[in-house]
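Enquirer: Pasting the sequence and the predicted model now:
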Amino acid sequence: MGRYLGPSCRLCRREGIKLMLKGERCISNKCPMVKRRTPPGQLPRRRSKLSEYGLQLREKQKVKRYYGLLEKQFKRYFEIASRKKGVTGEILLMLLEQRLDNVVYRMHFAQSRKMARQIIRHGHILVNGKKVDIPSYLVRENDEIEVKDKSKKMIAILESLKNVSRIGTVPWIEVDADNLKGRFLYVPKREEIDLPVNEQLIVELYSK
């Protein structure tokens with residue numbers, strides 16, 4: 001199955017949360033989620049009760065769409081998380097937070113994770129001084145991420161950086177907006193990741 005090419009806001013309505021697929025518009029009153037919270041194709045007050053499998057599937061879809069992954073990619077991260085010591089669901093989310101496209105988005109070098117992937121693939125991002133054009137690259141503690149010198153005047157990146165002062169950054173990321181660089185300080189714990197999802201249901205889904 002290829003990537004979803006339909007309306008982004010339709011996915012947010014389907015999952016019942018803002019997936020931040022369109023960047024700044026998602027935090028404004030222009031977001032359709034503000035006006036219509038019912039899933040696509042359903043009338044108000046007619047939401048059917050989900051089965052156990054349905055609940056597990058919806059939680060998986062929330063996380064998968066939030067980070068912009070395909071099913072094969074998502075399952076690979078789950079398999080990696082299941083081999084590590086600790087709580088599998090929490091490790092899964094921690095791994096996804098380490099993806100370079102997510103870190104670039106969190107640093108406000110991009111308006112969305114989709115935009116972050118495009119910036120990375122086009123070679124605009126350096127990790128510890130070296131060009132990395134793989135969005136799935138896992139960032140490690142104290143890695144320095146910066147915009148390449150030739151790309152520091154890109155309007156899209158400069159517009160995105162305005163959100164540093166407007167929204168702020170997460171605790172595990174440090175941003176130097178003046179020099180368009182930042183540092184991944186540490187891997188966040190589950191309670192620090194702002195994603196309203198029950199990851200244990202995902203573990204139960206894949207454990208069947």
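Expert: Arrived safely, thanks for sending. The structure displayed is predicted, hence computed values, not measured ones. Numbers count the residues shown, from 1 in each chain.

Enquirer: number of nearby residues for Pro205?
Expert: Careful, residue 205 is Leu and not Pro. Close neighbours of Leu205, defined as other C-beta atoms under 10 Å, add up to 17. From N, CA and C alone the C-beta is placed, and that goes for glycine too.

Enquirer: Can you name the residues that contact the closest residue to it other than its chain neighbours?
Expert: Among residues not flanking Leu205 along the chain, Gln56 sits closest, at 3.8 Å (C-beta to C-beta, 6 or more residues apart in numbering). Going by C-beta atoms under 8 Å, 6 or more residues apart in numbering, Gln56 touches Leu201, Ile202, Glu204, Leu205.

Enquirer: And Phe184, by the same measure?
Expert: Counting by C-beta under 8 Å, 6+ apart, Phe184 makes contact with Gln98, Val103, Val139, Arg140, Glu141, Asn142, Asp143, Ile145, Trp172, Ile173.

Enquirer: gap between the residue nearest to the fourth one when sequence neighbours are not counted and Ile145?
Expert: Same thing as Arg140. Leaving aside its sequence neighbours, Arg140 sits nearest to Phe184 (C-beta to C-beta, 6+ apart; 7.1 Å). Distance from Phe184 to Ile145, counting by C-beta to C-beta, to the nearest Å: 7 Å.

Enquirer: which residues do the two both contact?
Expert: Joint contacts of Phe184 and Ile145 (C-beta under 8 Å, 6+ apart) are Val103, Val139.

Enquirer: Tell me, how many residues neighbour Thr88?
Expert: Using other C-beta under 10 Å: Thr88 sits among 20 other residues.

Enquirer: Repeat that for Gly182.
Expert: Gly182: 24 neighbours (other C-beta under 10 Å).

Enquirer: Ok, the one 10 residues further on next?
Expert: Neighbouring residues of Glu192 were enumerated by other C-beta under 10 Å; the total is 14.

Enquirer: On the pLDDT front, check the closest residue to it other than its chain neighbours for me.
Expert: Of all residues not flanking Glu192 in the chain, Pro171 sits nearest, at 6.3 Å (C-beta to C-beta, 6+ apart). In this model, Pro171 is scored at 95, pLDDT.

Enquirer: Just list the residues touching Pro171, thanks.
Expert: For Pro171, the contact set (C-beta under 8 Å, 6+ apart) comprises Leu185, Pro188, Glu192.
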